[in-house]
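Chemist: below is the sequence, then the predicted model.
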Amino acid sequence: MAGMLYLVPTPIGNLGDISIRCRQTLEQADFIAAEDTRVTLKLLNHLGLKKSLVSYYEHNKAAKGNVILDRILAGEVCALVSDAGSPAISDPGEDLVKQCAEAGVTVCAIPGPCAVITALSISRQSTGCFCFEGFLSTAKKSRREHLESLTNETRTMIFYEAPHKLLSTLEDMAKAFGPDRPISLCRELTKLHEEVVRTTLGQAIEKYAAQPPKGEFVLVIAGAPEREKEAATADDAAAHVQALMDQGLSRKDAIRQTAKDLDLPKNIVYDAALKI
Ligand code: SAM
């Protein structure tokens, strides 16, 4: 029988968030690959399960990835779990998925707790279009370059951050996006002391400078305001009509096409075309 890899999401704080399907998958898997075996043991005890565990984390992933893949290729079913949340999102699971996919192994993701989606849903920032940026680098230069590349980003931006780096991250973000940019700081999600602070970057800096942050954070930041579309001028319209006529379009068709391309009323384009 062919082996396969299951990605099993685990609670990000509230043990009640484990699903029936996740429990069944953990129970039926031949072995579990876990980012932190102590954390996973606690979960398995809570579920009353005894399973064979293999540790798979950032600093052993290269060697252990091959061992896990060999076992799957030999027909075993592996359930991958991270410390908390959905495996492969900002954790080493991403590499195991790549390795398995490249080897033709079936990878099945079970939906469940994920910090980025939980935070976005309650942030009150726009959810229609968003980009997930994960953790910023700890290296100053690449961190600054990363943030600078996002200054004109209009989608809602989501970052993961640890409490001890929060203040310096907020300061770097305020430099890149301005102190008035709205931010929702989501902390201790699904836990007893879950908190969402909906504020601006400047005010968040004041708050956490006065009161050191505790717990893991997801930062949800409003995108840059859309720039007003610069209205096309009569000269633009005339040049566009001319260019289309040069390509062989009749004057009438060029005017119709220009009005469409530049989002202008046809009579304005017609008047502009009279100057040609
Ligand atoms: N793969 C997991 C996921 O996407 O759900 C996340 C793994 S990542 C190594 C851990 C980060 O997720 C934390 O540093 C924090 O930013 C965020 N996180 C996890 N649990 C959280 C919680 N209960 N409340 C707020 N943020 C959390």
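Modeler: Great, that's in hand. Given the structure is predicted, the values throughout are model-derived calculations rather than measurements. Residues are numbered from 1 along each chain as shown.
Chemist: kindly report the residues of the stretch 51-200 of the chain close to the ligand.
Modeler: Within the stretch 51-200 of the chain, the positions adjacent to the ligand are 82, 84-86, 89-91, 114-116, 160-162, 186-191 by CB under 6 Å from any ligand atom. C-beta here means a position set from N, CA and C on the backbone, and glycine is covered the same way.
Chemist: show me which of the residues you listed are buried.
Modeler: Buried by 16 or more other CB atoms under 10 Å: 82, 84-86, 89-91, 114-116, 160-161, 186-190, out of those.
Chemist: give the bridge partners for the closest residue to the ligand within the stretch 51-200 of the chain, please.
Modeler: Residue nearest to the ligand within the stretch 51-200 of the chain (CB to the nearest ligand atom): G85, separated by 2.0 Å. Listed by DSSP bridges, the beta-bridge partners for G85 are T10.
Chemist: quick one, what contacts it?
Modeler: Neighbouring residues of G85 by CB atoms under 8 Å, 6 or more residues apart in numbering: P9, T10, I12, D91, P113, C114, A115.
Chemist: swap in 6 Å and give it another go.
Modeler: With contact taken as CB atoms under 6 Å, 6 or more residues apart in numbering, G85 is in contact with I12, P113, C114, A115.
Chemist: so which of these sit within helices?
Modeler: Judged by DSSP state H, the contacts of G85 include A115 as members of helices.
Chemist: how close does V81 sit to A34?
Modeler: 5 Å (CB to CB, to the nearest Å).
Chemist: which one's more surrounded, those two?
Modeler: Per other CB atoms under 10 Å, whichever of V81 and A34 has more neighbours is V81, with 31 against 26.
Chemist: how about that one, what does it touch?
Modeler: V8, T10, A34, T40.
Chemist: cool, E148 as well?
Modeler: When contacts are counted by CB under 6 Å, 6+ apart, E148 touches A176.
Chemist: the closest residue to T156 other than its chain neighbours - how many residues pack around it?
Modeler: Closest residue to T156 apart from its sequence neighbours, by CB to CB, 6 or more residues apart in numbering: F130 at 4.1 Å. Residues near F130, counting by other CB under 10 Å, number 20.
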